[in-house]
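Asks: Below is the structure, and that's it, no one-letter string:
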């Protein structure tokens, strides 16, 4: 996390386009490995997903760093994905990300500097919840989702509770 | 779209000052946000299962008698619970141990923390019954705890920002964070969570910090060394008829049938004692953390022990009823929610109200925030006294103000004496981490139109405190003389200054200002003690600069209106100290600033007002001892002892004088009497030990130094002398241990140079390291005055 690398603007909306540059957590080199997610360990992800999860961490210089945890069941997969990027104007970058929620956002009190949650795009088949927030200039996106039909673990209420817990864990490690 | 976004404008001095006023009266907005409507940090008692029906039996009713069948059932339950807990623990250890970083060796899995746990290996987080389980029957406790610092001890940004730096530090890492987390997150430490490749689900305990079953599962206090010096038991909610603990949760029916057994499992007597608080409200930085040496971090416990409230120290300037930490921070209040632990409708507060306004502000815990502010402003903790005035070219001190006439004229250069007394705090102002907490004096002189003539202690537009303010902070520095910002305690090598006011003592703050040429009528002088949790630069480190202004609480204040022309005596304010105490506090402050002649003069004013007050003479005597005027000191101490022959304080100083005069028998008699009256007086034990040592009475010297070490395990004199005495007695192992502790704890003679490096580079603040200094804006008129001081 030593330096910041400028990214080419990709799909930036008007607000984000005003950013001078979008930076990411610089990683020494590309990393793909389990158990190396800096913001959440597999055991915690497993607890949030309701079963033994496998994690993968992708940190590529010049791009946002991503941790993906998956937990497979017979009827589908539960996924927890964390994306972290460093922005020169983090407030605007966060605002841009939150636009994807539409009007249905819920504040996540006392998570990072600022944060909200919203449901995963209802047009998608997967049930899920997202959290967007930031700690200083580090912007995070967390998605907790399940492709299981009528998932008994990640139902709507559980998703709301667990996205908060996930966000608190991630933000706590970003401070 | 709802938003939790903070205002984009940077916090300004004006907003911060406004916050000060608003906060005190009713600021309770969360950190720029609404109260949580969805999942959030505030799970109140409404989310708990309703408590099972229970009617407490009349007082004096003997415990329920179990039938043989009930006893058998309980025995079976205990056996099953023990087997389950043990097998779970063994499996857990098998899973987490192989990848655990035993940085300090397999026998020291929790170092640099001092916490220990009963049984073998790590203790699984699932062994701790949840707060919600406890909260079912203790809803008042639960709802208070949820907003309190203890439940949020780990998760707050104010903690995480600091400990994360340690975790990320390339020369240290997460194993070193066990030092901090032993108090902030003991379940994590004892559960092997603090390792690089952690196999532990953090979500199970991080958010609850010190949950109910951490404090209530402690089975022994290991020492008063701090750094979590406790022994954690396997959590248990019930004991059997023989007092044996049954691990884990039991049914509420079983608890309600035998509440006395529940109490025995969770309510040890030490929970009510200051020594329990000492486990974490005392901390040091050991060599295992800093690769340097033992450095005392903070010690609210010792400060209490040396205060009038402990009744263990005969040398305090004032006396008070015995009060523990719990007596102030866990006061009994009427219970507003069902709680089967309530007595006569009241419950010992589990809010632990103290000084932290930042956590409730951040989390939106409005009740906790307003009660914290009320607490800070209650209790007559501080006294602010605009005590006297001096005019340039006039040697006379016009004091105490309000009691003497004087005149003022335009263009007068005036020096105001403000005496701030730590009157009823059982520890220092500010306690603990004075590098983060910020209390300071705001001093204003305003003309009749409200315009500033002089202002010290304001907040600047960026929220930073006026660097020339008189603050009750400190400045720890590294071995390169840099201020240890961000609470990187492992880099601390010295403290450039430490402007705390210890319990019961006072500080004199002097301000110089010039009355304008065109001033007429009245003008107002105000001195306030403000408090902010936390220092602005630390908040900036945590959040960046675009955070809201954090609450500033006015702890105490005093204003006086003066006239250009004649000023006559006036009635005192009801909150003012009596005149003798005002002089006494000035004397104490001057003593601490090494102004011995002026201090003696102030104490002599007390003598004039209270001829029959032994302490007035003792104060004169002890100051003269410091001043090395032993002859007159003897006269004063004799007078005190004439008034009160058994006055332990006077006897102590008499002992010192007798030693100097070579009257060893009387010296011993004096110190022995003090020890008899105050067996936990560290000073008397130390001096009596020295006396015996000098007389070659090794047996009695050993007894005193060992007693001293039980009172204060870090006393250097005890370490030094015990190392010698043990060696002479052939107890070489103990001698070596004491010697090692002495070497580790004694001050590094090179450390002050680090402080000097810092002070040389920071002239704007360096005068704060000098006890006798003045705050002035008349810098340009005064050759050699740097930055107004």
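Replies: Ah, there it is. Computed from a predicted structure; not experimentally measured. Numbers count the residues shown, from 1 in each chain, chains lettered A, B, ... in the order given.

Asks: Could you list the low-confidence segments of chain B?
Replies: B:1-43, B:779-789 (pLDDT under 70).

Asks: again, only this time at 50
Replies: Under the criterion pLDDT under 50, the flagged ranges of chain B are B:1-38, B:781-789.

Asks: what's the longest helix in it?
Replies: Counting by DSSP state H, the longest helix found in chain B is helix B:68-96.

Asks: Equivalent analysis for chain A, please.
Replies: Under DSSP H, the helix in chain A containing the largest number of residues is helix A:156-174.

Asks: Could you give the secondary structure assignment for the closest residue to residue B:748 other than its chain neighbours?
Replies: Nearest residue to residue B:748, sequence neighbours excluded (C-beta to C-beta, 6 or more residues apart in numbering or on different chains): residue B:293, at 6.2 Å. Placement of C-beta: from N, CA and C, glycine included. Under DSSP: H, G, I helix; E, B strand; the rest coil, residue B:293 falls in the coil class.

Asks: Would you mind confirming that residue B:293 makes contact with residue B:490?
Replies: No. With contact defined as C-beta atoms under 8 Å, residue B:293 and residue B:490 do not form a contacting pair (11.8 Å).

Asks: got a list of what the residue nearest in space to the middle of chain A touches?
Replies: Centroid check for chain A by C-alpha atoms, centre = their mean gives residue A:142 as the closest residue, at 2.2 Å. Contact analysis of residue A:142 by C-beta atoms under 8 Å, 6 or more residues apart in numbering or on different chains lists A:80, A:81, A:82, A:83, A:130, A:131, A:132, A:163, A:166, A:167, A:170.

Asks: and the last one, how many residues sit next to it?
Replies: This points to residue A:170. Residues within reach of residue A:170, counting by other C-beta atoms under 10 Å in any protein chain shown, total 28.

Asks: ok, now how distant is the closest residue to it other than its chain neighbours from residue A:149?
Replies: In space, residue A:170 comes closest to residue A:39 once its chain neighbours are excluded; the distance is 4.5 Å by C-beta to C-beta, 6+ apart. According to C-beta to C-beta, to the nearest Å, residue A:39 stands 30 Å off from residue A:149.

Asks: Next: residue A:67.
Replies: 26 Å.

Asks: Between the two, which has more neighbouring residues?
Replies: Remark: of residue A:67 and residue A:149, residue A:67 carries more neighbours, 24 against 9, as counted by other C-beta under 10 Å.

Asks: Assign a three-state SS to the more buried one, would you?
Replies: Per three-state DSSP, residue A:67 ends up strand.

Asks: Show the residue spans covered by the helices in chain A.
Replies: With DSSP H applied, chain A shows helices at A:14-17, A:42-49, A:90-98, A:156-174, listed in chain order.

Asks: highest average neighbour count across these?
Replies: Most buried of the helices of chain A, by mean neighbour count (mean count of other C-beta atoms under 10 Å in any protein chain shown): helix A:42-49, with a mean of 24.

Asks: who does that helix touch, helix- and strand-wise?
Replies: Where contact means 3 or more C-beta pairs under 8 Å, 6 or more residues apart in numbering or on different chains; DSSP states H and E, helix A:42-49 is packed against strand A:54-59, strand A:65-73, strand A:76-87, helix A:156-174.

Asks: thinking again about what came up before, what residues are up against the residue nearest to residue A:170?
Replies: Taking C-beta under 8 Å, 6+ apart, we find residue A:39 in contact with A:67, A:82, A:84, A:140, A:169, A:170, A:173, A:174.

Asks: Redo those residues as TSV? Include pLDDT.
Replies: Formatted as TSV, these follow (pLDDT from 0 to 100):
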residue	pLDDT
A:67	97
A:82	98
A:84	98
A:140	98
A:169	98
A:170	98
A:173	98
A:174	98
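
Asks: More neighbours: which of residue B:293 and residue B:490?
Replies: Set residue B:293 next to residue B:490 and count neighbours by other C-beta under 10 Å: residue B:490 wins out with 23 against 16.

Asks: If we ignore the residues flanking it in sequence, what's nearest the more buried one?
Replies: residue B:290 is the one closest to residue B:490 (C-beta to C-beta, 6+ apart), at 4.5 Å.

Asks: Quick check: that neighbour touching residue B:491?
Replies: Yes. Contact criterion C-beta under 8 Å: residue B:290 and residue B:491 qualify, at 7.3 Å.

Asks: distance of the residue of chain A positioned farthest from its centre from residue B:191?
Replies: The centre of chain A is farthest from one residue, residue A:74, which by C-alpha atoms, centre = their mean lies 25.1 Å away. Between residue A:74 and residue B:191 the distance is 32 Å, computed by C-beta to C-beta.

Asks: next SSE after the longest helix of chain B?
Replies: Helices and strands here follow DSSP states H and E; after helix B:68-96, the next one along the chain is strand B:116-117.

Asks: What strands flank that next one, and is each parallel or antiparallel?
Replies: Partner strands and pairing direction for strand B:116-117 (DSSP bridges) are strand B:230-232 (parallel).

Asks: buried ones in the partner strand?
Replies: Of all the residues in strand B:230-232, those buried under the rule 16 or more other C-beta atoms under 10 Å in any protein chain shown are B:230, B:232.

Asks: Centre of the chain to the longest helix of chain A, how far?
Replies: The chain centre lies 10 Å from the centre of helix A:156-174; the measure is C-alpha atoms, centre = their mean, to the nearest Å.

Asks: and if you look at stretch B:289-301?
Replies: 15 Å.

Asks: For the stretch 201-350 of chain B, just list every one of the strands.
Replies: For the stretch 201-350 of chain B, the strands defined by DSSP state E, counting those that start in this stretch occupy B:218-221, B:230-232, B:236-239, B:245-247, B:282-285, B:295-299, B:332-334, B:346-348.

Asks: Quick one: closest of these to residue B:360.
Replies: Distance to residue B:360, taken as C-beta to C-beta, is lowest for strand B:332-334 among these, at 17.0 Å.

Asks: Let me see the residues that make contact with the closest one.
Replies: Outside strand B:332-334, the residues that touch it by C-beta under 8 Å, 6+ apart are B:343, B:345, B:346, B:347, B:348, B:349.

Asks: what lines up beside that strand in the sheet?
Replies: Per DSSP bridges, strand B:332-334 is paired in its sheet with strand B:346-348 (antiparallel).

Asks: Just want the phi and psi numbers for residue B:210.
Replies: The phi/psi pair for residue B:210 (degrees, to the nearest 10) reads phi -90, psi 90.

Asks: about what we covered before: what about the residue nearest to residue B:748, distance to residue B:163?
Replies: Residue B:293 is 22 Å from residue B:163, where distance means C-beta to C-beta.

Asks: what does residue B:745 give?
Replies: Distance from residue B:745 to residue B:163, by C-beta to C-beta: 25 Å.

Asks: of the two, who's got more company?
Replies: residue B:163 (22 against 18).

Asks: hang on, isn't that one packed against residue B:179?
Replies: No. Residue B:163 lies out of contact with residue B:179 (C-beta under 8 Å); the separation is 9.3 Å.
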